[in-house]
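Chemist: coordinates only, sequence not included:
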């Protein structure tokens, strides 16, 4: 069987399963999610063993520490995956919710009801937990899912998907609802992206290169975010103790993720006192600082920031820093270089905060908080399928509701159109 036939076989099976999924009640879906969670916990040893194969290969290829961290499965992360499945089971089922109902003058009753999208293809890199997150959310929202993880995590993803798929089958979920393309050949992705006859939506999760490739080649609608170039602007009215805590968290807590801060903007009036103290803390945390000329005058050892730095998603302990003259200049910088993902202001001034919230164009805009909160778990959505910077259908962290669409339902008593 050729590669295209292998991929088509899986997506056709997912399409067949989707017809049964739409009819499932919440109890059956939740039973499957709990069983999947229990088995992930029980198979932690096996999962770590498979993950070690991926880690060893990544180290031999010289991948960065940040990339290897994204690959790693330890006891805590396996428990977190299982916990995420249970959290999704506890969430209200959006399928079947009537969001609106109205009556026309001819007594037709018209409504809108949430329904599954159908078959969703998830193409992702590095993090094995995406396998569990994607499968759980798609299942709870009544969708079949076709998963294609990166080759760097093939052993880990294959192991997780086998556990999830078998658990779903045992719980009475239609056979084929969770499909995993375990072929490392990148041509498998190209074939998947052309199967619009069977797949309704593609969601890529990964770096700019992956997302651009998906968007350029897909004949299926795509929901994505291009980059995670997130900014924190420390205003002249900021509480500097709060600002330092937020900046350290946004950059250092987990630098290899899309909601980590990549550029810090600081108002000139507080730059002298703030950047000297923050610079010391950042260097102590292992951060390489690349700054504008005014920043370099304030932080010893700071490297020169070049034009490319302002538009770079480092995914590492590297930070670009610029001193700005005003809120307006900070917003202009974010508008020019930002990726419409997550942006934050630290200020005690209400008017400044309101302007930032109104004028900054991003999926998530923060006042006095770290950008690291742009996450389905932290927003109370349960496990997230990804973060969208699209303007249509979904924006920001995508939870259960974003994995449904709607249809109109019409009740009549014999009406005909004149």
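Modeler: Received the coordinates, thanks. Keep in mind that this is a model prediction, so the values were computed, not measured.
Chemist: Give me the residues contacting the host helix or strand of residue 202.
Modeler: Per DSSP states H and E: residue 202 is located in strand 201-205. Applying CB atoms under 8 Å, 6 or more residues apart in numbering, the set of residues contacting strand 201-205 from outside is 117-125, 127, 130, 134, 192-193, 210-211, 214-215, 218, 220-224, 385-386, 398. (Each C-beta comes from the backbone N, C-alpha and C, glycine too.)
Chemist: Next SSE downstream of it?
Modeler: Remark: after strand 201-205, the chain's next helix or strand is helix 208-217, criterion DSSP H and E.
Chemist: Who are the packing partners of that next one?
Modeler: helix 187-192, strand 201-205 (3 or more CB pairs under 8 Å, 6 or more residues apart in numbering; DSSP states H and E).
Chemist: Could you verify my assumption that residue 77 touches residue 129?
Modeler: Yes. With contacts counted by CB atoms under 8 Å, residue 77 reaches residue 129, the gap being 6.2 Å.
Chemist: So the two - more neighbours on which side?
Modeler: residue 129 (21 against 17; other CB atoms under 10 Å).
Chemist: Need the phi and psi values for the more buried one.
Modeler: Taking degrees, to the nearest 10, you get phi -60, psi -20 for the backbone angles of residue 129.
Chemist: Just say helix, strand or coil for residue 76.
Modeler: Taking DSSP: H, G, I helix; E, B strand; the rest coil as the rule, one finds residue 76 in the helix state.
Chemist: Just the local confidence number for it, please.
Modeler: pLDDT recorded at residue 76 is 96.
Chemist: quick one: it from residue 83, how far?
Modeler: According to CB to CB, to the nearest Å, residue 76 and residue 83 sit 10 Å apart.
Chemist: So these two - more neighbours on which side?
Modeler: residue 83 (15 against 9).
Chemist: Name all residues that make contact with residue 149.
Modeler: 124-125, 128, 130-131, 156-157, 180.
Chemist: Tell me the spacing between it and residue 203.
Modeler: On the measure of CB to CB, residue 149 and residue 203 end up 13 Å apart.
Chemist: Same check on residue 379?
Modeler: 17 Å.
Chemist: same question, residue 272
Modeler: Residue 272 is 45 Å from residue 203, by CB to CB.
Chemist: next one: residue 180
Modeler: Taken as CB to CB, the span from residue 180 to residue 203 is 15 Å.
Chemist: Show me which of residue 379 and residue 203 is the more surrounded one.
Modeler: Set side by side, residue 379 and residue 203 show more neighbours around residue 203, with 24 against 14, by other CB under 10 Å.
Chemist: Check what pLDDT the more buried one gets.
Modeler: 95.
Chemist: gap between it and residue 125?
Modeler: 13 Å.
Chemist: just the helices and strands packed on helix 208-217: most buried one?
Modeler: strand 201-205 (a mean of 24; mean count of other CB atoms under 10 Å).
Chemist: what angle separates that one from helix 208-217?
Modeler: Angle, strand 201-205 to helix 208-217, by axes from the mean of the first three to the mean of the last three CA atoms, to 10 degrees: 160 degrees.
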